[in-house]
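Undergrad: no sequence on this one, just coordinates:
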């Protein structure tokens, strides 16, 4: 039970470190969901699914600098990724993502961000 609690806390911390924003006024009917998965090897998989955007809508993805160094892959299904496009004053690295369809799935993968102490138990890399 304690291991599961630690994993839940770790997932909440990871989710709070990554920001996703829609440029301009947010269209009505936009739905965003985020899934974070950890492998036993400590690889972190993040899926952001955004529906209701419409083609040509631009979103921004901000990744904190302290996490960005662990990024090994970033791509979009239903859109194009550009960037990094700017540095948020040293704290955040931003990517611009333009949708080609109504639904956009942004996937990012981080390696070395967490360490697997044992199966089901993880710790954040400092």
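TA: Structure received. Here the structure is a predicted model, which means the values were calculated and not measured.
Undergrad: I'd like the average pLDDT over stretch 43-56.
TA: The pLDDT scores in stretch 43-56 average 90.
Undergrad: just stretch 97-112 next, same as before
TA: Stretch 97-112 comes out at a mean pLDDT of 93.
Undergrad: what comes up buried for it?
TA: 97-99, 104-110 (16 or more other Cβ atoms under 10 Å). For the C-beta atoms, the positions are set from N, CA and C on the backbone; glycine is no exception.
Undergrad: so which of those residues comes closest to residue 50?
TA: residue 104 (4.7 Å; Cβ to Cβ).
Undergrad: give me every residue that touches that closest one.
TA: Taking Cβ atoms under 8 Å, 6 or more residues apart in numbering, we find residue 104 in contact with 49-51, 53, 59, 76-79, 97.
Undergrad: and which of the buried residues of stretch 97-112 is nearest residue 70?
TA: For the buried residues of stretch 97-112, the nearest to residue 70 is residue 110 (4.3 Å; Cβ to Cβ).
Undergrad: how near is the closest one to residue 30?
TA: 25 Å (Cβ to Cβ, to the nearest Å).
Undergrad: mind listing the strands for this structure?
TA: According to DSSP state E, the chain carries its strands in the segments 19-22, 31-38, 44-51, 58-64, 71-77, 79-87, 92-99, 103-110, 114-118, 121-124.
Undergrad: for the record, mean pLDDT for the first one?
TA: Strand 19-22 carries an average pLDDT of 56.
Undergrad: and if you look at the fifth one?
TA: Across strand 71-77, pLDDT averages out at 95.
Undergrad: can you check the second one too?
TA: Here the mean pLDDT over strand 31-38 is 86, rounded to a whole number.
Undergrad: partner residues bridging residue 93?
TA: residue 63, residue 87 (DSSP bridges).
Undergrad: please look at it and residue 62 and confirm they touch.
TA: Yes - here residue 93 lies in contact with residue 62, judged by Cβ atoms under 8 Å, at a distance of 7.3 Å.
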